[in-house]
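Chemist: Need coordinates for the following:
(one chain, ligands or ions: 1)
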Amino acid sequence: MPRQHMLWGFSEQRWRQLQHQMRVKEERIVELETENAILHLKLAECQERTKRRSREARLCALLRMRQCHQKLQRDVKEFRQSFLVLLQSYQDDFRSCLSDVMAAVQRTQLSLEALQACQSEATHLQQRLQELESRYYLEQQRRRALHNSLVELKGNIRVHCRIRPFLSFDNKLDGSASQNCPTPGEVVHAADDETVLVRCALPGRPTTDKTYSFERVYGPAASQAVVFEDLRPLLISLLDGYNVCIMAYGQTGSGKSYTMLGPHSEDDPTLLSGAREDLGIIPRAAEELFRLISENPSRSPKVDVSIVEIYNNNVFDLLAKDNSTVMSGTKFQMVSTQEGRSEVPRLTCRAVTSAVEFVGLIHRGVKLRVQHPTLVHKNSSRSHLMVTATLTTASSLGSTAPQSSGASPQKKAGAGNWWITPPPASSPHAVPVDSADPPGQALARLQLVDLAGSECAAVSGVTGSALKETSFINRSLAALADVLGALSEHRDHIPYRNSKLTHLLQDSIGGDAKLLMILCVSPGQKHMAETLRGLTFGARARQAERRAPRRRPPSPQMQKPGVGLAGSRAPS
Ligand SMILES: Nc1ncnc2c1ncn2[C@@H]1O[C@H](COP(=O)(O)OP(=O)(O)OP(=O)(O)O)[C@@H](O)[C@H]1O
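Modeler: This is a model prediction of the structure:
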């Protein structure tokens, strides 16, 4: 071939160079075309893969949706099933509650019927109770009437005699032991429950027996409880509105303080001591009084206590005294009211609400009482001790009696029954209050007296001021004997004012009140003269007038603070 390059004017070299370049370019084109084809192939692959993936993704999504849907369907099914179970249980519960409610309603109906039956029963019982209350009230009235008749039959002045045991100091005094007596020197005996036997054996003379009768005679073995038991009914009379006085009378050393208060303490003779069974009448009466009061709380009266001693015919207020003024306390004058009552103005009077308070006051008063040793015994009381409890009912029966029914409390079935429980409102026996009976004035007084001992100066061996005391004691006891003598002889004038003692006891001795005298006697030979005097005195006291008791109209002055035995109110 002609040389082309020559044709085109290129040098051979140049020509070869261009050819080479052209071959390189063609090779490069082939490479690129190959590459291009590969890329096309890859592109196609990628597209294919992308399509496949998107198809797969769609399929997956569809699959997931389907699964979700299936799960949802399952959940709904489960939910429905549990809902049905729950519903079933609710229905069961509801049915059971309903049956419970039905049962409860039935029970309530039954209870209602039972309640109605109970109500009618209660109404019936209430009517029965009212009937019983009416009967109780009537029986109570009858009981009181019978009780008071009994007390009247026994006499408004009664004498019990207590013979104390033969004690060591009786021996000291008594050298002349009698051969005829069971215990040497013991000459006074309780022949039976009502007779005292005194064996009088004088040297050179035949023995003679003297007997004395009393409502009750206690031998040396009689306990304090037995002595108290016989006078317990008097406290019922007190609450029935009668003045009551219990006093111990007897020669010195005969056991009056023991009987009224109890034994003295060994260490301090002014102190009371001893076990409960040794308690004397005064603390026992305090207990019994509050026991009786507690039996009828709706009628609780107010109880005011005063304690006085009458020493050398002067009245001393033991509740106003203190240790520093012992023996020099204020003397009190006595007055007689228009109604004839004896009263001590400005006397301390303490309200007590329990037996404990009452006994506490007694202990305090007794500690301040005048005592001196005598030849007979070392704790001889040189004064008369008088404990007075005044019972007042607050604005009286009218205030607590049923107002609406117009029924009024009972006034009197017999005498002095202000204490009687008012009848129930429905009682057909309700009686209108006597307009003459002022409200809140119902009073009764309990006087508990431990007298000083009657004594023979030769026996007690007292001299000086003690002899003067003895003289006053004996004079006041003689005045008491005169009063009892005047009463027994039904004299017009009863000499109450001859001594402070009888003046103070004026309301308690006579037809109005109930007096129990406990005649204490020593059993020893040495005291025989005084014992016989005491026994004669007691026998004479028994003959004092027996008049149906009547309730004394209360003195208006007794209502006023600061006047009378219920006098000045001291803070308790
Ligand atoms: N029943 C009795 N049982 C035991 N001891 C008694 C009894 N009675 C009295 N006594 C004792 O006899 C003594 C004298 O008694 P009490 O002090 O009571 O006599 P009194 O009559 O009050 O004397 P006074 O009038 O001199 O005060 C006391 O030691 C007392 O304890």
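Chemist: Next up, identify which helix or strand the residue of the stretch 1-150 of the chain found nearest the ligand is on.
Modeler: For the stretch 1-150 of the chain, the residue closest to the ligand is Leu150, as judged by Cβ to the nearest ligand atom, at 27.3 Å. All C-beta atoms are positioned from the backbone trio N, CA, C, and that covers glycine. Element membership for Leu150, per DSSP states H and E: helix 12-154.
Chemist: partners of the helix or strand just after that helix, with directions?
Modeler: Once the chain leaves helix 12-154, the next helix or strand it forms, by DSSP H and E, is strand 157-163. Next to strand 157-163 in the sheet, as set by DSSP bridges, lie strand 216-218 (parallel), strand 514-521 (parallel).
Chemist: what sits against the residue of the stretch 1-150 of the chain closest to the ligand?
Modeler: Leu150 is in contact with Pro233, counting by Cβ atoms under 8 Å, 6 or more residues apart in numbering.
Chemist: angle of the helix holding Leu150 against strand 514-521?
Modeler: Between helix 12-154 and strand 514-521, the angle formed by their directions is 80 degrees, by axes from the mean of the first three to the mean of the last three Cα atoms, to 10 degrees.
Chemist: Distance of the residue of the stretch 1-150 of the chain closest to the ligand relative to Asn156?
Modeler: 12 Å (Cβ to Cβ, to the nearest Å).
Chemist: what residues does the stretch 101-250 of the chain put near the ligand?
Modeler: Contact residues, the stretch 101-250 of the chain versus the ligand (Cβ under 6 Å from any ligand atom): Arg164, Pro165, Leu167, Gly250.
Chemist: hang on, the earlier thing: quick one, which of the strands paired with strand 157-163 is packed in tightest?
Modeler: Of all the strands paired with strand 157-163, strand 514-521 carries the top mean neighbour count, a mean of 27, counting by mean count of other Cβ atoms under 10 Å.
Chemist: Measure how far that one is from the centre of its chain, please.
Modeler: How far strand 514-521 lies from its chain's middle: 31 Å, per Cα atoms, centre = their mean, to the nearest Å.
Chemist: Mind checking what helix or strand follows that strand in sequence?
Modeler: Using DSSP H and E, the helix or strand that follows strand 514-521 towards the C-terminus is helix 528-542.
Chemist: Tell me how many other residues crowd the residue in the stretch 51-200 of the chain that the ligand sits nearest to.
Modeler: The minimum distance from the stretch 51-200 of the chain to the ligand, using Cβ to the nearest ligand atom, falls at Arg164 (3.6 Å). Using other Cβ atoms under 10 Å, Arg164 has 23 neighbouring residues.
Chemist: out of the residues of the stretch 101-250 of the chain next to the ligand, which is most surrounded?
Modeler: Each of those was scored for neighbours by other Cβ under 10 Å, and Gly250 scores highest at 29 neighbours.
Chemist: I'd assumed Arg350 was in contact with Leu361.
Modeler: Yes - shown here, Leu361 and Arg350 form a contact pair, counting by Cβ atoms under 8 Å, at 6.0 Å.
Chemist: got any residues that touch both of those two?
Modeler: In contact with both Leu361 and Arg350: Val305, Leu319, using Cβ under 8 Å, 6+ apart.
Chemist: Need phi/psi at Gly262.
Modeler: Here is the backbone geometry of Gly262 (degrees, to the nearest 10): phi 130, psi -180.
Chemist: Count residues in the vicinity of Glu194, would you?
Modeler: 15.
Chemist: need the contact list for it.
Modeler: Going by Cβ under 8 Å, 6+ apart, Glu194 touches Ser213, Phe214, Glu215, Arg216, Val217.
Chemist: Would you point out which residue of the stretch 201-350 of the chain is nearest the ligand?
Modeler: Gly255 (2.8 Å).
Chemist: which of the residues in the host helix or strand of Thr211 are buried?
Modeler: In this assignment (DSSP H and E), Thr211 forms part of strand 208-213. Of all the residues in strand 208-213, those buried under the rule 16 or more other Cβ atoms under 10 Å are Tyr212.
Chemist: Can you tell me which residues in the protein are near the ligand?
Modeler: So far as Cβ under 6 Å from any ligand atom goes, the chain lies against the ligand at 164-165, 167, 250, 252-258, 263, 377, 379-381, 452-453, 520.
Chemist: Could I have the PyMOL command that selects the buried members from those residues?
Modeler: This is how PyMOL selects the buried members of the residues of the chain next to the ligand, with burial counted by 16+ other Cβ under 10 Å:
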select buried, resi 164+250+252+253+254+255+256+257+258+263+377+379+380+381+452+453+520
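Chemist: And the residue of the stretch 451-572 of the chain closest to the ligand?
Modeler: Taking Cβ to the nearest ligand atom, the stretch 451-572 of the chain has Gly453 as its residue nearest the ligand, at 2.6 Å.
Chemist: hang on, that residue packs against Gly253?
Modeler: Yes - contact criterion Cβ under 8 Å: Gly453 and Gly253 qualify, at 6.5 Å.
Chemist: hmm, back to that, kindly reformat the residues of the stretch 101-250 of the chain next to the ligand as JSON lines and extend each row with secondary structure.
Modeler: JSON lines is the format used below for those (DSSP: H, G, I helix; E, B strand; the rest coil):
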{"residue": "Arg164", "secondary structure": "coil"}
{"residue": "Pro165", "secondary structure": "coil"}
{"residue": "Leu167", "secondary structure": "coil"}
{"residue": "Gly250", "secondary structure": "strand"}
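Chemist: what's Asp93 in contact with, if anything?
Modeler: Counting by Cβ under 8 Å, 6+ apart, Asp93 touches no other residue.
Chemist: begin at 128 from here
Modeler: With the count now opening at 128, the last piece we talked about shows up as Asp220.
Chemist: Would you quantify the distance from it to Ser226?
Modeler: Asp220 is 11 Å from Ser226, by Cβ to Cβ.
Chemist: same question, His391
Modeler: Going from His391 to Ser226 by Cβ to Cβ gives 81 Å.
Chemist: same deal with Phe210?
Modeler: 24 Å.
Chemist: Same check on Ala244?
Modeler: 27 Å.
Chemist: okay, and for the stretch 328-477 of the chain, where does confidence drop off?
Modeler: Low-confidence segments of the stretch 328-477 of the chain (pLDDT under 70): 392-401, 448-459, 465-468.
Chemist: Tell me which stretches of it form strands.
Modeler: Secondary structure of the stretch 328-477 of the chain (DSSP state E, counting those that start in this stretch): strands at 335-340, 343-345, 371-377, 429-438, 441-444, 458-459, 462-463, 469-470, 475-479.
Chemist: Can you list the buried residues in stretch 183-197?
Modeler: Within stretch 183-197, no residue counts as buried by 16+ other Cβ under 10 Å.
Chemist: From the chain's centroid, how far away is it?
Modeler: Put simply, stretch 183-197 sits 94 Å off its chain's centre (Cα atoms, centre = their mean).
Chemist: quick one: secondary structure of the closest residue to Tyr623 other than its chain neighbours?
Modeler: Nearest residue to Tyr623, sequence neighbours excluded (Cβ to Cβ, 6 or more residues apart in numbering): Gln633, at 4.4 Å. On the three-state scheme (three-state DSSP), Gln633 is labelled coil.
Chemist: how close does Gln633 sit to Met461?
Modeler: Distance from Gln633 to Met461, by Cβ to Cβ: 9 Å.
Chemist: Please name whichever of the strands paired with strand 284-290 is nearest to Gln254.
Modeler: The closest of the strands paired with strand 284-290 to Gln254 is strand 641-648. By Cβ to Cβ, the value is 39.3 Å.
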